[in-house]
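Visitor: kindly generate the corresponding structure for this input.
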Amino acid sequence: MKINLFPIVSSLHVGEVIGQQTKNLISEIEKQGNFVFTETPIGSFYDADLAIILVQSGGSEGLFLRLKDRLHAPYYLLTYGTNNSLAASMEILSYLKASGEEAEILHGSAAYIAARLEALGHRQQEEPIRLGVIGKPSDWLIASNVDPQACLSRFNIRLIDIPMTELIDCYNDSTADEFQPDTILDYDAKELAKSGRVAVSLEKLIRKYRLEGLTVRCFDLLGSIHTTGCLGLSLLNRKRIVGACEGDVPAMISMYLLNRITGQCGFQANPARIDVEKKQIVLAHCTLPLDMAEQYTLTTHFESGIGVAIKGEMKTTDVTLFKLSGDLRHYYVSEGRILANLNDPNLCRTQIRIQLDDVKYFLTAPLGNHHIVAYGHHGKAITDYMNAHL
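Guide: Sure thing, here's the model as predicted:
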C-alpha cells in the first residue's frame with residue numbers, strides 16, 4: 001500500500017531528534033505489513049492509496065490551519081507519544097469534528113496503527129455505493145438536506161441525482177404487463193396497474209444507474225400520473241433494495257446503513273403520537289415492506305386517497321429504531337417493543353404503538369421526521385458501526 005506523508009511541525013521543534021523519531025515510527029509500522037511511506041509536498045499529497053498528515057510536535061495547529069484550504073477530508077493524523085504530538089493532534093481533531101469533517105488520529109502501537117491503515121486503505125479502494133435521489137426532498141423536509149461530498153467521504157455512498165421527469169418518462173414508456181410481482185396482490189385492477197408501472201419504472205432506473213437504493217419525491221406523482229409510489233417502494237425493500245419516500249435522503253441513508261449492519265430492511269415511518277408518561281410512541285406510514293407484515297391489505301394512500309398503499313399488521317415483538325441526521329454527524333438508536341397495531345382512519349395506513357425506554361428525544365432533539373424501524377435488538381451493532389464512521 002502506497003502511503004503519502006505530509007509532516008507538520010512547529011518551528012520550535014526542528015532538529016535531528018524529531019527526524020529520527022519519525023524514522024523509527026515509520027520503520028516499526030512498515031514491519032507490520034506491506035506499506036511504502038513517502039514524504040511528499042502538498043501538491044502531490046493525494047497521489048497515493050492513503051494520505052496521512054504526520055503531526056510531529058505540539059504547536060503544529062497553526063500550520064495546519066494555514067494549509068487547510070489545500071487539504072480535504074478524510075483527515076488522518078499520525079502521531080507519536082513525544083514532543084506533544086498527540087496533544088496537537090487532539091486539538092486539530094477537535095477543530096475538524098466541530099466543522100463536521102471526517103477525521104481520525106492514528107496513535108498507539110505499531111500493530112494497531114498498521115491494522116487501521118489496512119482498514120482505511122481497503123475502505124478507500126472500495127467502489128462507492130450508489131443511492132439515487134429522484135427529484136428533491138419534499139418541501140416540508142426542511143431538515144433533510146445532505147452534503148454529497150460528506151456522504152461520500154464518511155460512508156462511501158455516492159448520491160446520484162435523477163430528475164423526476166425521467167421517472168415520469170419511464171412510467172409513460174412502461175406497460176402494466178411488465179409488472180410481474182412475486183406475490184399475489186389483490187386490489188382494484190386499474191389502480192394496481194398504475195402502481196405496478198411505477199414499480200417497473202423504479203427497477204429500470206435502478207438498473208440504469210446501478211443503484212442499491214433510492215428515494216422518490218413521491219407526492220409529485222399524485223398530480224402527474226395520479227398514483228403513488230408506496231407499492232413500488234415496499235416491493236423494493238422486500239428485495240433488500242432500499243426504497244425511501246418523500247425524497248428523504250437521510251432516511252434513505254439510514255435504511256441503507258441499517259440493511260448493511262443487520263441484513264434487514266426497515267420500515268420508514270412518521271411519529272404520529274407520543275405519550276410521555278407511558279413512554280410510548282405511535283408510528284405510521286404507507287410503505288411497509290411486505291415481508292415485514294404478518295398480514296396486509298392493499299388500500300389507498302392516506303393523504304391523497306388514491307393509488308395503492310400497504311395497511312400491514314406487524315409482529316408484536318422487539319424492535320430497533322434508527323435515524324441518521326441530515327448533517328451526517330449524529331444518530332439516534334433505541335430498542336423497544338411493538339405493543340399493538342392500530343386502525344385509526346386519521347393516520348397513514350400501517351400504524352404501530354411502540355414502548356421505548358424514553359420518548360423525550362422526539363420532543364426535544366429529533367433528527368427530522370421519519371425514523372426507521374427494524375425487527376430485533378440491533379442497538380449495539382448500530383452504535384459500534386456508527387461510532388466507527390462518525
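Visitor: give me the beta-bridge partners of the closest residue to Gln355 other than its chain neighbours?
Guide: Computed as CB to CB, 6 or more residues apart in numbering, the closest residue to Gln355 that is not its neighbour in sequence is Arg337, at 4.9 Å. Bear in mind the C-beta positions are built from the backbone N, C-alpha and C, glycine included. Beta bridges link Arg337 to Asp318, Gln355, judged by DSSP bridges.
Visitor: what is the burial count for Arg337?
Guide: Burial measure for Arg337: 12 neighbouring residues, criterion other CB atoms under 10 Å.
Visitor: how far does the helix-or-strand element of the chain with minimal mean pLDDT sit from the chain's center?
Guide: Within the chain, confidence by mean pLDDT, DSSP states H and E is lowest for helix 16-30 among all helices and strands, at a mean of 83. How far helix 16-30 lies from its chain's middle: 38 Å, per CA atoms, centre = their mean, to the nearest Å.
Visitor: other SSEs contacting that helix?
Guide: Applying 3 or more CB pairs under 8 Å, 6 or more residues apart in numbering; DSSP states H and E, one finds that helix 16-30 contacts strand 36-39, helix 110-125.
Visitor: assign a three-state SS to Arg273, would you?
Guide: strand (DSSP: H, G, I helix; E, B strand; the rest coil).
Visitor: pretty sure His330 sits against Pro366.
Guide: No - when contacts are counted by CB atoms under 8 Å, His330 is not listed as touching Pro366 (10.8 Å).
Visitor: please, where are all the helices along the stretch 101-250 of the chain?
Guide: Applying DSSP state H, counting those that start in this stretch to the stretch 101-250 of the chain gives helices spanning 110-125, 148-155, 164-172, 189-209, 220-224, 230-238, 249-262.
Visitor: just say which of the ones you listed is most tucked in.
Guide: helix 230-238 (a mean of 27; mean count of other CB atoms under 10 Å).
Visitor: residues contacting that helix, please?
Guide: 181, 185, 192, 195-196, 198-199, 201-203, 206, 213-214, 216, 218, 242-245, 255, 265-266, 286-291, 298, 301, 307-310 (CB atoms under 8 Å, 6 or more residues apart in numbering).
Visitor: how far away from the center of its chain is it?
Guide: Relative to the centre of its chain, helix 230-238 is centred 19 Å away, using CA atoms, centre = their mean.
Visitor: just want the angle from it to helix 249-262.
Guide: Angle of helix 230-238 versus helix 249-262, following axes from the mean of the first three to the mean of the last three CA atoms, to 10 degrees, is 30 degrees.
Visitor: next, the angle from helix 230-238 to helix 189-209.
Guide: 50 degrees.
Visitor: for the record, mean pLDDT for helix 230-238?
Guide: What helix 230-238 shows for mean pLDDT is 95.
Visitor: same question, stretch 197-209
Guide: Mean predicted confidence for stretch 197-209 is 96.
Visitor: go on, stretch 258-273?
Guide: Throughout stretch 258-273, pLDDT has a mean value of 94.
Visitor: who are the contact partners of Leu202?
Guide: Neighbouring residues of Leu202 by CB under 8 Å, 6+ apart: Leu167, Leu214, Val216, Gly229, Gly232, Leu233, Leu236, Gly243.
Visitor: mind checking the SS state of Leu54?
Guide: Secondary structure for Leu54, judged by three-state DSSP, is strand.
Visitor: hmm, it is touching Ile3, no?
Guide: No - in this structure, Leu54 is not within contact of Ile3 by CB under 8 Å, at 10.3 Å.
Visitor: now the residue nearest to the spatial centre of the chain, nearest residue through space, not along the chain?
Guide: Closest residue to the average C-alpha location of the chain: Ile253 at 3.1 Å, with CA atoms, centre = their mean. Among residues not flanking Ile253 along the chain, Leu324 sits closest, at 5.6 Å (CB to CB, 6+ apart).
Visitor: tell me, what's the model's pLDDT at that neighbour?
Guide: Leu324 is assigned a predicted lDDT (pLDDT) of 97.
Visitor: that one and Val133, how far apart?
Guide: Remark: distance between Leu324 and Val133 (CB to CB, to the nearest Å) = 15 Å.
Visitor: pick out whichever of those two has more residues nearby.
Guide: Neighbour tally, Leu324 and Val133, criterion other CB under 10 Å: the higher count belongs to Leu324, 31 against 21.
Visitor: tell me the contacts of the more buried one?
Guide: Pro250, Ile253, Ser254, Leu257, His330, Tyr331, Leu367, Met386 are the contacts of Leu324 under CB under 8 Å, 6+ apart.
Visitor: the same query, at a cut-off of 7 Å, please.
Guide: By CB atoms under 7 Å, 6 or more residues apart in numbering, the contact set of Leu324 is Pro250, Ile253, Ser254, Leu257, Tyr331.
Visitor: turn the residues you listed into CSV, including distance to Asp358.
Guide: Listed next are the contacts of Leu324 as CSV, based on distance: CB to CB, whole Å:
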residue, distance to Asp358
Pro250, 21
Ile253, 24
Ser254, 20
Leu257, 22
Tyr331, 16
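Visitor: looking at the residues you listed, which is nearest Leu77?
Guide: Distance ranking of the contacts of Leu324 against Leu77, using CB to CB, places Tyr331 first at 23.7 Å.
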